[in-house]
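> model this:
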Amino acid sequence: MSKSNGRQTRWNQLPRLQRVVLLMVGGALLIGVIYFTSSGNSEQTLQQQAQHQTHNAVDLPDDPWQNKPKDVPQNPVTPPPLLPNDHHELLEKDNSKVNEDYHRDAEYQNKDAAAVGDNVLQDNPHQIAPPPGLPHKPTVKQEAIVGAMKHSWKGYKTYAWGHDHLKPVTGSRNDWLRLGLTLIDALDTLWIMDLKEEFNEAREWVAWQLNFDINQDVNLFETTIRVLGGLLSTYHLSKDHIFLDKAIDLGDRLVAGFNSGSGVPFADVNLKSRKASKPRWGPDSSTSEVSTIQLEFRDLSRVTNNPIYEEKAEFVSKHIHSLPKTDGLVPIFINAQTGQWRSHSTITLGARGDSYYEYLLKQWIQSGKTKDYLRNDYNESITGMEKHLAARTEPNKLLFFGELHGSSHNFVNKMDELTCYLPGTLALGVKHGMPQHHMKIAEELMYTCVQTWLRQPTNLAPEITYFNIQPTSTNEDFYVKNNDAHYLLRPETIESLWYMYQITGNKTYQDWGWQIFQGIEKYCKVAHGYTSLGNVKSTIDTKPRDKMESFFLGETLKYLYLLFMDDQTIFSVDKWVFNTEAHPLPIYTN
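Purely as a prediction, here's the structure:
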């Protein structure tokens, strides 16, 4: 008997149930082998496609440092001085001057408002006139950034028109909210860059294709900051009422999110039924999400003379103001039904906490500095950050802000790239009369944030960085875990560079921004756009993720463009407040 016949006989002798089980196990093993093999091949194929496509990257203007002698460091800027040991005494001294600074600034605002004069729009006495758009002669570096915007837009238009996101490596598309996120996020960027043809074709899509009557749950926060904010900003810039009409339609649907037991909004809203619900992942809402919709709803009320939007949103801010905090610091989860914090929640300036602090300041500025509780909460939170979250690295004493975890608030030495919005926010606060020593913190943290980019071989920042607070054998200030090494085309550091440059005029911030843009251009640019990466720690194995986030056009490229604008008064922070998605909204002086 042959071996094959023997095996067949033994197989036939097995009970039928046992044979079925063996077949199922064997099939599962085969599928697993095929899956993992194809996954590996797919990732390798994306890497190969991306590497092939990056060869077509356009030439950039010269790096201002690349022709320096070899003995000159790439970043020939002395790190800012360390915070003084008695910085809490400085805080008390500075706080005594806040009211004086505030009244002086208020007097300046009144004079500035009077100077606007003829620029006030007739249909809205509160709104300033839009800036004139692109300067007649953009700088060379601005032209390179416009080129990046055109390249991104071409890929989106060709392969993902009207959809949320482009997959730029494979030339396909991805939907999340089904609202054309990339197109709407990019509207005001196109206008600011004076890309008339691209803006007009996007405007036509908004007019005839954008439809909010869809039976789908959308995230209230993301839809507000990206879509409502984008429509309102574009209305203010273009004065085209189609954008306001769409914003009103959307706002009327989103306001249902506030129909909870406490008035704190639920995370999700169904745009068709106008019913709100908690997120699928848990019972609570994120603190940053419920507290980072106020700029947009307030602006919608001001341009429509309908107070309901502002009233609903401001109620949340006042409610959070009344809740207990840790020296102004807040947990990252809050229950919409009870209006109370989730016990033992993390305290962080990163994900789910970040923009709460940002909007304390920006709401106060937007509303003409008339709401003192916002200013007070903001100043208290900065004190809390210094007291509980600030730490320094070894060996070079870099300033960073960690996190507090668990019921005992254990300090964790990690910082998200998202936290790098903070230097810009601090500088903006000082510009509007907050304590002067906040600028020292901004300068130091800005330096740290930039180092998380430029110390990587790609000049790109990881999503999360861990900082050494004890001496190590590596003599490095920070390290990146493999699972945290991805770059999602994020803008926060670039955003802060723009604020720091506009407020100080220090061109070092432009130099750093240019080095970052070169990293994006070299490693993220592919045939149909720009892709997020899975690994910033290698120039060879960058692991392209095949996704171009809408905020790359709405924030990253916009802030880069503004950073290199010769006339920084066009979008002066005395007249405009940018929402957390980089959509400029006017400051109301009364």
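> contacts and neighbour counts: CA atoms only from here.
Noted.
> can you give me phi and psi for Thr580?
Main-chain torsions, Thr580, degrees, to the nearest 10: phi -70, psi -10.
> neighbours around it, how many?
22 (other C-alpha atoms under 10 Å).
> Who are the contact partners of it?
225, 292, 355, 358 (C-alpha atoms under 8 Å, 6 or more residues apart in numbering).
> Drop anything exposed from these.
Among the contacts of Thr580, those classed as buried by neighbour count (16 or more other C-alpha atoms under 10 Å) are 225, 292, 355, 358.
> So which of those belong to helices?
355, 358 (DSSP state H).
> TSV please, covering the buried ones among the contacts of Thr580 and showing distance to Asp567.
Below are the buried ones among the contacts of Thr580 laid out as TSV (distance: C-alpha to C-alpha, whole Å):
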residue	distance to Asp567
Ile225	27
Thr292	29
Ser355	28
Glu358	25
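> so how far is Val412 from Thr346?
Here the criterion is C-alpha to C-alpha, to the nearest Å. By it, Thr346 lies 10 Å from Val412.
> Likewise for Asn506?
For Asn506, the distance to Val412 - C-alpha to C-alpha - is 33 Å.
> And these two? Which one has more around it.
Just comparing Asn506 and Val412: by other C-alpha under 10 Å the higher neighbour count belongs to Val412, 15 against 12.
> about what we covered before: from the contacts of Thr580, which single one is nearest Arg274?
Ile225 (18.3 Å; C-alpha to C-alpha).
> now the closest one, nearest residue through space, not along the chain?
Taking C-alpha to C-alpha, 6 or more residues apart in numbering as the measure, Ile225 lies nearest to Glu581, with 5.9 Å between them; neighbours along the chain are not counted.
> Show the model's pLDDT score for that neighbour.
At Glu581, the model reports a pLDDT of 99.
> how far away is it from Tyr559?
Glu581 is 11 Å from Tyr559, by C-alpha to C-alpha.
> Compare these two and say which is more crowded by neighbours.
Under the criterion of other C-alpha under 10 Å, the comparison of Glu581 against Tyr559 puts Tyr559 first, with 25 against 21.
> Can you classify that one by secondary structure?
Assigned with DSSP: H, G, I helix; E, B strand; the rest coil, Tyr559 falls in the helix class.
> which residues of the protein score low on pLDDT?
Low-confidence segments of the chain (pLDDT under 70): 1-136, 590.
> swap the cut-off to 80 and go again
1-137, 281, 590 (pLDDT under 80).
> need the contact list for Trp161.
The contact partners of Trp161, by C-alpha under 8 Å, 6+ apart, come to 180, 183.
> before we move on, what about Gly554?
Contacts of Gly554 by C-alpha under 8 Å, 6+ apart are 182, 185-189, 581-583.
> hmm, try it at 7 Å
By C-alpha atoms under 7 Å, 6 or more residues apart in numbering, the contact set of Gly554 is 185-186, 189, 581-582.
> Gly328 now?
Per C-alpha under 7 Å, 6+ apart, neighbours of Gly328: 377, 380-381, 384.
> Those residues in helices, which ones?
Using DSSP H, 377, 380-381, 384 are the members of those that sit in helices.
> Same list, those, but as CSV with distance to Arg298 and neighbour count please.
Supplementary listing: the ones in helices among the contacts of Gly328 in CSV, determined by distance: C-alpha to C-alpha, whole Å; neighbours: other C-alpha atoms under 10 Å:
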residue, distance to Arg298, neighbour count
Asp377, 19, 19
Glu380, 24, 16
Ser381, 23, 20
Gly384, 28, 18
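> Measure how buried the residue nearest to Thr493 when sequence neighbours are not counted is and give me the count.
Counting by C-alpha to C-alpha, 6+ apart, the nearest residue to Thr493 once its immediate chain neighbours are dropped is Cys420, at 5.1 Å. Cys420: 28 surrounding residues under other C-alpha under 10 Å.
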